[in-house]
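In: kindly generate the corresponding structure for this input.
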Amino acid sequence: MLDMQFVRNNPDIVKQNIKNKFQDEKLPLVDEVIELDKKSRAVKQEADNLRAERNTISKQIGALMAQGKKDEAMVAKSKVTEKSEYLASLEEQEEYLLEEVKKRMMVIPNIIDPSVPIGKDDSENVEVQKYGEPVVPDFEIPYHTEIMEKLNGIDLDSARRVAGNGFYYLMGDIARLHSAVISYARDFMIDRGFTYCIPPYMIRSDVVTGVMSFSEMEAMMYKIEGEDLYLIGTSEHSMIGKFIDQMIPGDQLPQTLTSYSPCFRKEKGAHGIEERGVYRIHQFEKQEMIVVCKPEESPMWFDKLWQNTVDLFRSLDIPVRTLECCSGDLADLKVKSIDVEAWSPRQKKYFEVGSCSNLSDAQARRLRIRYKDENGKAFAHTLNNTVVAPPRMLIAFLENNLNEDGSVNIPEALRPYMGGKSVIK
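Out: Down below sits the predicted model:
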């Protein structure tokens, strides 16, 4: 959510930002919010003046009664009652106008970083750099679920009977590999100075609307019937929510946390053939990283976060590349994003395995996350990035480590988490 004063003083910048994100239908919101804010401030000023008048008259009543001027005191009391009734109506107006301002401000997108390329959708994202040499073996690589099935590592049919499409049973060495990847990612991030955390897997609605836009919420979140609780789509939600309504001492920033959680997502919409199996599912597990820091530090942390993911994948010999997300591919709260994509030897192309985002103070404003140092008080900046999400990570891992006989090599870094195994047969 933008600063209202910034919107007042820079309506043209806000409108151009909306155009850059190809959301022209939101352009009228800028003028609407400015007009509503103007009315709100006028009503507030009138209410403040009325309170002052009422207080002055109230003080006079006691003096008039002490002087025996009961009639004048009664007249003064009636004025106080009259002003109180009018004040109540002004307060009602003020509350309504503030709510209307907030509703519009919540859907006006954050100002994107000047470095973000302008484009309509993810097809216009820009490749930044490749890491590792992509290899296509001289034998055919099966679809990832076929690899898992041959290793007795997945049961999709039973999962459909139990929970429907979009779920799976992982079995045997594949299930162990899944846990090994999570454990390795956890220790990888701890070694980089992050504090390990296991967060709540459900959050209240005020946290949901604090960490994401309404459109994202509708497309992703599962609501717990009869309660003000939602299942998290990623642990970033509850990790950022940890700091709601906090005034953090400046010397306690940055907060660098890495968290494990299951994730639950609706995943609405039609999906292509390459998104079968465990590519796009309703339930999965993930290791995440988040940072809460001072504004001047967020660009530096942004680069550190996406580099962590690149380094983790390369430590497992998986080639990756980074993509700069264009303006039209950025969610409304984000100012800048880098996607990390892993090489798929089967498809002979890269596919997304993680996304790193700088949200500046957008989440902090919604959740009232501030810090205080020698320079005063200010809203913090928040950033998040996927360390690893094993369903997609497993796809990249299996394809890049598959042997012609159907066995799968285990890189040295993962062997301690696999009981010393060097290969799955």
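
In: show me what counts as buried in stretch 252-271.
Out: 253-261, 263-265 (16 or more other C-beta atoms under 10 Å). (Each C-beta comes from the backbone N, C-alpha and C, glycine too.)

In: quick one: residues in contact with stretch 257-271.
Out: For stretch 257-271, contacts defined as C-beta atoms under 8 Å, 6 or more residues apart in numbering pick out 166, 182, 186, 189-190, 194-199, 201, 219-222, 231-236, 238-239, 279-291, 387, 389.

In: restricted to helices, list these.
Out: Secondary-structure check on these using DSSP state H: residues within helices are 182, 186, 189-190, 219-220, 235-236, 238-239.

In: how about the residues you listed, which pair is most distant?
Out: For those, the farthest-apart pair by C-beta to C-beta is I190 and A219; their separation is 32.7 Å.

In: ok, longest helix in this structure?
Out: For the chain, the helix with the greatest residue count under DSSP H is helix 27-66.

In: what helices and strands are in contact with that one?
Out: Counting contacts by 3 or more C-beta pairs under 8 Å, 6 or more residues apart in numbering; DSSP states H and E, helix 27-66 is packed against helix 4-9, helix 11-20, helix 70-105.

In: mind listing which of the buried residues of stretch 252-271 are in strands?
Out: Counted as lying in strands by DSSP state E, out of the buried residues of stretch 252-271, are 255-261, 263-264.

In: between these, which sits nearest S123?
Out: For those, the residue nearest S123 by C-beta to C-beta is C263; the value is 25.8 Å.

In: for the residue lying farthest from the centre of the chain, give me phi and psi.
Out: In the chain, the residue that sits farthest from the middle, by C-alpha atoms, centre = their mean, is G68; the gap is 66.0 Å. When quoted as degrees, to the nearest 10, the phi and psi of G68 stand at phi 80, psi 10.

In: residue contacts, it?
Out: Taking C-beta under 8 Å, 6+ apart as the contact definition, G68 lies against nothing.

In: ok, now E95?
Out: Applying C-beta under 8 Å, 6+ apart, one finds that E95 lies in contact with no residue.

In: what do you get for T309?
Out: 320, 340, 353-354, 356, 385-388.

In: may I see the residues you listed organised as a markdown table, with pLDDT, distance to R346 and neighbour count added?
Out: As requested, the contacts of T309 are arranged in a markdown table below (pLDDT from 0 to 100; distance: C-beta to C-beta, whole Å; neighbours: other C-beta atoms under 10 Å):
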| residue | pLDDT | distance to R346 | neighbour count |
| --- | --- | --- | --- |
| V320 | 98 | 16 | 23 |
| V340 | 97 | 19 | 25 |
| V353 | 94 | 15 | 23 |
| G354 | 93 | 20 | 28 |
| C356 | 97 | 26 | 26 |
| N385 | 97 | 26 | 26 |
| T386 | 95 | 22 | 27 |
| V387 | 96 | 24 | 26 |
| V388 | 95 | 20 | 27 |
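
In: closest to V30 out of these?
Out: Within those, the smallest distance to V30 is 29.1 Å, found for C356 (C-beta to C-beta).

In: looking at pLDDT only, which of the buried residues of stretch 252-271 scores worst?
Out: The weakest per-residue confidence within the buried residues of stretch 252-271 falls on R265 (91).

In: now do that one against F167, distance only.
Out: R265 sits at a distance of 12 Å from F167 (criterion: C-beta to C-beta, to the nearest Å).

In: could you count how many residues lie near S84?
Out: Here the neighbour count serves as a burial measure; for S84 (other C-beta atoms under 10 Å) it reads 13.

In: actually, E35.
Out: 11.

In: and the pLDDT for it?
Out: The score at E35 is 97. That number is its pLDDT.

In: repeat for L50
Out: The per-residue pLDDT reported for L50 equals 79.

In: does it touch E85 like I think?
Out: No - using C-beta atoms under 8 Å, L50 makes no contact with E85, being 10.6 Å away.

In: ok, the two, which is more surrounded?
Out: Between L50 and E85, counted using other C-beta under 10 Å, L50 has the larger neighbour count: 16 against 9.

In: skipping its backbone neighbours, what lies nearest the more buried one in space?
Out: Setting aside the residues directly before and after it, L50 is nearest to L87 in space (C-beta to C-beta, 6 or more residues apart in numbering), at 5.0 Å.

In: which ones are touching that neighbour?
Out: By C-beta under 8 Å, 6+ apart, the contact set of L87 is 47, 50-51, 54.

In: of those residues, just the buried ones, PyMOL syntax please.
Out: This is how PyMOL selects the buried members of these, with burial counted by 16+ other C-beta under 10 Å:
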select buried, resi 47+50+54
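
In: from the contacts of L87, which is closest to K334?
Out: Set against K334, the nearest of those by C-beta to C-beta is A47 (37.1 Å).

In: how close does the spatially closest residue to that closest one that is not a sequence neighbour get to K44?
Out: Closest residue to A47 in three dimensions, ignoring its sequence neighbours and counting by C-beta to C-beta, 6+ apart: L90, at 4.3 Å. When distances are taken as C-beta to C-beta, L90 and K44 turn out to be 8 Å apart.

In: just the contacts of T309: which are in strands?
Out: Among the contacts of T309, the members falling in strands (DSSP E) are 320, 340, 353-354, 356, 385-388.

In: can you lay out those residues as a markdown table showing distance to V408?
Out: What follows is these, written out as a markdown table (distance: C-beta to C-beta, whole Å):
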| residue | distance to V408 |
| --- | --- |
| V320 | 19 |
| V340 | 22 |
| V353 | 18 |
| G354 | 22 |
| C356 | 28 |
| N385 | 27 |
| T386 | 23 |
| V387 | 22 |
| V388 | 17 |
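
In: nearest to M418, of these?
Out: Nearest to M418 among the ones in strands among the contacts of T309, with distances taken as C-beta to C-beta, is V388, at 15.6 Å.

In: which residues touch the closest one?
Out: With C-beta under 8 Å, 6+ apart, V388 has these contacts: 181-182, 185, 286-287, 309, 312-313, 353-354.

In: closest to Y96 out of these?
Out: K286 (40.9 Å).

In: tell me the pLDDT at the closest one?
Out: Looking at K286, its pLDDT is 95.

In: ok, it to Y371 distance?
Out: Using C-beta to C-beta, K286 is found at 27 Å from Y371.

In: ok, D121 next?
Out: 36 Å.

In: compare these two (neighbour count), which wins?
Out: Neighbour tally, D121 and Y371, criterion other C-beta under 10 Å: the higher count belongs to Y371, 27 against 11.
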